[in-house]
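Novice: coords please:
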Amino acid sequence: MMSSWTDDLIMECRDVVVLHQGRPVLDGITLGLHAGESVGVIEAEDLSDSFLLRLFALIAPPASGDVYVRGLKVDFGRVRNLLALRKSVAYIPHTSALISNLTLRDNVTLFDRYHNNRKPDEAVHRAMPLLERFDLVPYLDYRPAEVEAQHRRKTVIVREFLKDCFLVVFEKLRRDLSVQDLKDLCDFLIEKKRDGTLTFLISEDDESLVRSICERRIEVSEGRILKDIATGSSETTEVRP
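Specialist: As a prediction, this is how the structure comes out:
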């Protein structure tokens, strides 16, 4: 879509090829994300949607082509710089992505304690508003295997939203969530979107749900973008079982 840098383009990939098991799962993708916008990616039957999100989460390095953050080219070979950039991206994968031998409390606060040098009590205090909002307080002393999938999923969400990030990459929005949990999450995302400080890239197979949150809708298949259209977000939560 975008081929040149503009002031409000927060992240961009140009002519990117990403390989999986030696074959291209993204094949010459060019896409730009504007500051403060929400972009929905309709889930594909192949891996195109997942790898598009992983590319923007900076965990799927391109075999060719370039990725830019705020106009600066990302060097995937410079590990220290790459890790610093990843700290500014909230990535919520479709898997639980929790450390199994830590409690939910420790999983939520690990990033804050390790990267921001916060003491445990301070990190928990900072996380508490989100823990309360997502009804996780009663489960903080449990380990991931001791709680249900929805609690593991919400733990990852809270952990990632505690980051000082500019981009939220959210894979398979409704995965493991009840209808009420999904509605609460969508309401939360809409509130965050209204702040205008975050850019969202979200994959989901329900187009009505995408329209309720996102201003743009992207369809990908066989490694290429088939559609990139403005949808106009209604900012109302449409959730179906």
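Novice: Tell me which stretches of this structure form helices.
Specialist: In the chain, the segments counted as helices under DSSP state H are 48-56, 79-86, 104-115, 120-133, 149-161, 179-195, 207-213.
Novice: what mean pLDDT would you report for the last one?
Specialist: Helix 207-213 shows a mean pLDDT of 88.
Novice: do the same with the fourth one
Specialist: Confidence over helix 120-133, taken as the mean pLDDT, stands at 96.
Novice: and the spatially most central residue of the chain, what does it touch?
Specialist: The centroid of the chain falls nearest to residue 169 when counting by CA atoms, centre = their mean (1.6 Å). Taking CB atoms under 8 Å, 6 or more residues apart in numbering as the contact definition, residue 169 lies against 53-54, 56-57, 89-92, 201-202. (Glycine included, C-beta is placed from N, CA and C.)
Novice: before we move on, the earlier item: would JSON lines of the helices of the chain with distance to residue 12 be doable?
Specialist: Below are those laid out as JSON lines (distance: least, CB to CB, whole Å):
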{"stretch": "helix 48-56", "distance to residue 12": "10"}
{"stretch": "helix 79-86", "distance to residue 12": "14"}
{"stretch": "helix 104-115", "distance to residue 12": "26"}
{"stretch": "helix 120-133", "distance to residue 12": "30"}
{"stretch": "helix 149-161", "distance to residue 12": "22"}
{"stretch": "helix 179-195", "distance to residue 12": "20"}
{"stretch": "helix 207-213", "distance to residue 12": "21"}
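Novice: highest average neighbour count across these?
Specialist: Of all the helices of the chain, helix 48-56 has the most neighbours on average by mean count of other CB atoms under 10 Å, namely a mean of 24.
Novice: I'd like to know which elements it is packed against.
Specialist: When contacts are defined as 3 or more CB pairs under 8 Å, 6 or more residues apart in numbering; DSSP states H and E, helix 48-56 packs onto strand 9-20, strand 23-34, strand 38-42, strand 167-170, strand 199-204, strand 216-221.
Novice: coming back round to it: which one of the helices of the chain lies closest to residue 9?
Specialist: Closest approach to residue 9 among the helices of the chain is made by helix 48-56 (12.7 Å; CB to CB).
Novice: still on that earlier bit, ok, the residue nearest to the centre of the chain to residue 64 distance?
Specialist: The gap separating residue 169 from residue 64 is 22 Å, by CB to CB, to the nearest Å.
Novice: And for residue 172?
Specialist: Counting by CB to CB, the gap from residue 172 to residue 64 is 27 Å.
Novice: Looking at the two, which one has more neighbours?
Specialist: residue 172 (20 against 11; other CB atoms under 10 Å).
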